[in-house]
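1. Any chance you can model this:
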Amino acid sequence: MVGNSKRRLAQFAADHGVDEEAAELLSAQEEVARMATIGKWGDRWFRHPISDMREPEKSVCWLTDIDPPESDPVKLKHQRDHHALLHLKATVTAVDRFFSFFMRVRRGLTLAERGIVSASAERRLWFGKNAYHPAVLVKMLSIFRTYFNYCEVGQDGKTPAMRLGLAKGPSLWRTLCTSAQSSRLDAERVRRLLW
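-> Reported below is the predicted structural model:
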């Protein structure tokens, strides 16, 4: 499917005498012009012209398009070109990355494990490793989130905190624990002084 999509795009580029990036935009513009209205709400669906491994046969519905069509033909063309670019950029890759993190949490923390369906007892769920007090899971998730954001380095050699400008480099877990302990002690001293 992905190979077919790439071959179609290369053929489209050759037919129109443009490079592949321009061919993507042109094919997207054609798809915008062909968008079908589906369902009782009249949603207009854009069939993405490019397939990739993560999102084969992708279709996009722009639910928040509140711009009225331009009356000037030049402005209308610019508006449609802009819409085609926006449709090309539509992706759920960021959501997949989030769910990858979510699955790491689920697999890495036994407290977040799904319940096991019992063969007996009328298929009731058994949460053998789960925390019976939700505050325990909240604390474990805070620790996991802190480790992920400040200690774990991605393929680019940066942590999420470094990418946001919150840290200059990856932190050692030991450093985070000692600074958290010292700040807790400082907060305790301030509380004693105030009372």
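
2. Could you point out which residue ranges in the protein have low pLDDT?
-> Across the chain, the ranges flagged by pLDDT under 70 are 1-2, 95-99, 110, 112-132, 179-195.

3. The same query, at a cut-off of 50, please.
-> For the chain, applying pLDDT under 50 flags the ranges 190, 193-195.

4. Which stretches in it count as helices?
-> 2-16, 20-34, 73-89, 93-108, 134-150, 160-163, 173-194 (DSSP state H).

5. Buried ones in the shortest one, by neighbour count?
-> In other words, helix 160-163. By neighbour count with 16 or more other C-beta atoms under 10 Å, helix 160-163 contains the buried residues Pro160, Ala161, Met162. C-beta coordinates here come from the backbone N, C-alpha and C atoms, glycine included.

6. hey, which strand is longest across this protein?
-> Looking across the chain with DSSP state E, the single longest strand is strand 43-47.

7. counting contacts, what elements does that one pack onto?
-> Judged by 3 or more C-beta pairs under 8 Å, 6 or more residues apart in numbering; DSSP states H and E, the packing partners of strand 43-47 are helix 20-34, strand 36-38, strand 59-61.

8. I'd like to know which elements the second one is packed against.
-> Spelled out, it's strand 36-38. Strand 36-38 is packed against strand 43-47, with contacts defined by 3+ C-beta pairs under 8 Å, 6+ apart.

9. if we can go back for a sec, tabulate the helices of the chain in CSV, adding columns for distance to Asp52.
-> As requested, those are arranged in CSV below (distance: least, C-beta to C-beta, whole Å):
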stretch, distance to Asp52
helix 2-16, 6
helix 20-34, 12
helix 73-89, 12
helix 93-108, 9
helix 134-150, 26
helix 160-163, 24
helix 173-194, 36
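
10. sorry, back to before: just the buried residues of helix 160-163 now: which is nearest Arg174?
-> In terms of C-beta to C-beta, no member of the buried residues of helix 160-163 lies closer to Arg174 than Ala161, at 16.6 Å.

11. Quick check, the closest one in contact with Ala167.
-> Yes - if you go by C-beta atoms under 8 Å, Ala161 and Ala167 touch, sitting 4.0 Å apart.

12. anything in contact with each of these two?
-> Here Ala161 and Ala167 have Tyr150 as joint contacts, going by C-beta atoms under 8 Å, 6 or more residues apart in numbering.

13. distance between stretch 154-165 and the chain's centre?
-> Stretch 154-165 has its C-alpha centroid displaced from the chain centroid by 16 Å (C-alpha atoms, centre = their mean, to the nearest Å).

14. what are the C-alpha coordinates of that stretch, in CSV please?
-> C-alpha atoms of stretch 154-165 as CSV (Å, rounded to 0.1, in the frame of the first residue of the first chain):
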residue,chain,number,x,y,z
GLY,A,154,15.4,10.4,23.3
GLN,A,155,16.9,9.7,19.9
ASP,A,156,17.9,13.3,19.6
GLY,A,157,20.0,13.1,22.8
LYS,A,158,17.5,15.3,24.7
THR,A,159,15.0,14.8,27.4
PRO,A,160,11.5,16.3,27.0
ALA,A,161,12.4,18.9,29.6
MET,A,162,15.5,19.9,27.6
ARG,A,163,13.3,20.3,24.5
LEU,A,164,11.0,22.7,26.3
GLY,A,165,14.0,24.6,27.8
